[in-house]
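# Build me a model from this:
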Amino acid sequence: MVKRFRIVALTAAVFLLPSALLACYWDYDTLQMERSRFPDTLELITGKFLRHSNEFYEWRIQDRLKQIEGDPSNPALYDDLAVAYDKLGQHQKAVDTILAKDRLRPGLYETEANLGTFLLHDGRFEDGLRHVDRALEINPDAHFGREKYQKALAEYVLSRRQGGPPKLPLAKVESSGRQDPDGAVRQVGRASETFHEFLRPKESRSLDPGERAAAIKGVLGMMKFSNHSSPVLLEALGTLLSDGRDVREVDAKQLAARAFF
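Residues are numbered from 1 along each chain as shown. Here you go, the predicted structure:
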């Protein structure tokens, strides 16, 4: 199973990267230059950053439940409790907790943002999107604009469904044989619409550098504060990092490959 996963990951990584990959150096210096342009990205991809353990969230659940008994009107306690449930994969408990908070103090931005996130994590994309939209209506610039890209990524995932749950990689890789002039058959491949292509204007070959930087920052933020190991986030990040078609911007193919792997 592990061997098969590695083969699929390698195939996806090679085919999702542009053809310019073959003309790039892959060494320590190149990686260091990429890291200087995209600081903390490698640490987020590999999970080497400070974050709470599952045991912490288990403690927080018990602590916040006790605090709510003594102060049931404090909305922040419900946010803490709900996020702890979600971090442990108990998405429905997270939803129920945040809905209890909404009955207590309806219409708060934090409630809508958290509820949208919990529903997305539970695979309920349409419901989650509605609450992300409400959060954006209340506060469009919260989280440094990260929710704009959370919304776009949820819409992208929904667009990749074909009569059932979306399958990974979201950008389906299609390979075929091509015969070279010397008679050798070379396997070539192309990915269907990537997250980068989903974001870019239809008449353009690439995202504006500023928009691309904002999208990368948004996805990295979701990885840091939500789930750094999410295959959906890693694939989205890889497609954004590997885009180097605009001469005003530079790509980061080594970081992209690590995200795909």
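# CA atoms for contacts and neighbours, from now on please.
Fine.
# Flag the shaky bits of the stretch 51-200 of the chain, pLDDT-wise.
For the stretch 51-200 of the chain, the stretches with pLDDT under 70 are 143-145, 174-191.
# where along it do the strands fall?
Under the criterion DSSP state E, counting those that start in this stretch, the stretch 51-200 of the chain contains strands at 173-179, 185-191.
# which ones are touching the residue lying closest to H131 once chain neighbours are set aside?
Leaving out its chain neighbours, the residue that sits closest to H131 by CA to CA, 6 or more residues apart in numbering is G116, at 4.7 Å. Contact partners of G116, counting by CA atoms under 8 Å, 6 or more residues apart in numbering, are 127-132.
# swap in Q62?
Contacts of Q62 (CA under 8 Å, 6+ apart): none.
# ok, which stretches of the stretch 1-150 of the chain are helices?
Secondary structure of the stretch 1-150 of the chain (DSSP state H, counting those that start in this stretch): helices located at 2-16, 28-37, 41-46, 54-70, 75-87, 91-104, 109-121, 125-138, 146-159.
# For burial, what's the neighbour tally of the residue lying closest to D133 once chain neighbours are set aside?
Spatially, and ignoring its direct neighbours in sequence, D133 is nearest to K151 (7.5 Å; CA to CA, 6+ apart). Residue neighbour count, defined by other CA atoms under 10 Å, stands at 21 for K151.
# was I right about K151 contacting H131?
No - K151 is beyond contact range of H131, at 9.8 Å (criterion: CA atoms under 8 Å).
# before we move on, the earlier item: could you check how far the residue nearest to D133 is from R60?
28 Å (CA to CA, to the nearest Å).
# do R124 as well
For R124, the distance to R60 - CA to CA - is 26 Å.
# higher neighbour count, those two?
R60 (17 against 14).
# Check the spatially most central residue of the chain and give its pLDDT.
In the chain, the residue lying closest to the centroid (CA atoms, centre = their mean) is L233, at 2.2 Å. Looking at L233, its pLDDT is 96.
# Dump the helix or strand hosting it to CSV, keeping only the CA atoms.
In the assignment (DSSP states H and E), L233 maps to helix 231-241. The C-alpha coordinates for helix 231-241 follow below in CSV (Å, rounded to 0.1, in the frame of the first residue of the first chain):
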residue,chain,number,x,y,z
PRO,A,231,-4.0,16.4,1.1
VAL,A,232,-6.3,19.0,-0.4
LEU,A,233,-4.3,21.9,1.1
LEU,A,234,-1.0,20.3,0.1
GLU,A,235,-2.1,19.8,-3.5
ALA,A,236,-3.5,23.3,-3.7
LEU,A,237,-0.2,24.7,-2.3
GLY,A,238,1.9,22.6,-4.7
THR,A,239,0.0,23.9,-7.8
LEU,A,240,0.5,27.5,-6.6
LEU,A,241,4.2,27.1,-5.8
